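Colleague: Below: sequence and its predicted model.
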Amino acid sequence: MKLNELRPPSGAKQSVKRLGRGIGSGLGKTSGRGHKGYGSRTGSKKKRGYEGGQNPLHRRLPKVGFTNIFRQSWQIVNIAQLEKLNGDVTPEILASVGLIQSAGGPVKILGNGDIKAKLKVVAHRFSDGARKKIEGAGGSVEVLPHPRAPKAETGAAAKA
């Protein structure tokens, strides 16, 4: 087979509609645009979802739900996952090991599982169960300030 012998499969190619070529063509006179109205004029472009003046579907359907723009998402780590680590456990270490996505977001430690290792765990929040299990194993807990919490005023502004 040579390049000049290649042909598209039958039915793959259709001839282009030739508009305004007389009555016999089937698309003469108004060229398939109908009579009068917005769509018959040049430059008419119907917007996405436009239904000819009828109330569009996206406006007819009921609106449901609510999105809280102030929602704070926490990165969750269970103490069973901390069992593999040793020494100090910080959000940076958790991110480097792959237990959380990034060290920037707030981290919460939950008490699912058991822990035997003596760890110093640093995070933004702890559940009561996690705190008891970590301290029961001889470890310690340090709470970081929330990343979006307002900073305490210092200096002359605080004294005034």
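Modeller: Structure's in. What do you need?
Colleague: Strands along the chain, start to end?
Modeller: Applying DSSP state E to the chain gives strands spanning 75-78, 88-89, 107-110, 120-123, 125-126, 140-143.
Colleague: Need the residues that contact the lengthiest helix in the chain.
Modeller: The longest helix of the chain (DSSP state H) is helix 128-136. Outside helix 128-136, the residues that touch it by CB atoms under 8 Å, 6 or more residues apart in numbering are 79, 109-111, 114-115, 119, 121, 126, 140-141. The C-beta positions use only the backbone N, C-alpha and C, and glycine is treated the same way.
Colleague: Out of those, which is nearest to His35?
Modeller: Nearest to His35 among those, counting by CB to CB, is Leu110 at 69.2 Å.
Colleague: and Gly113, how many residues sit next to it?
Modeller: Neighbours of Gly113 under the rule other CB atoms under 10 Å: 13.
Colleague: Provide the backbone phi and psi angles at it.
Modeller: Note on Gly113: backbone dihedrals following degrees, to the nearest 10 are phi 100, psi -180.
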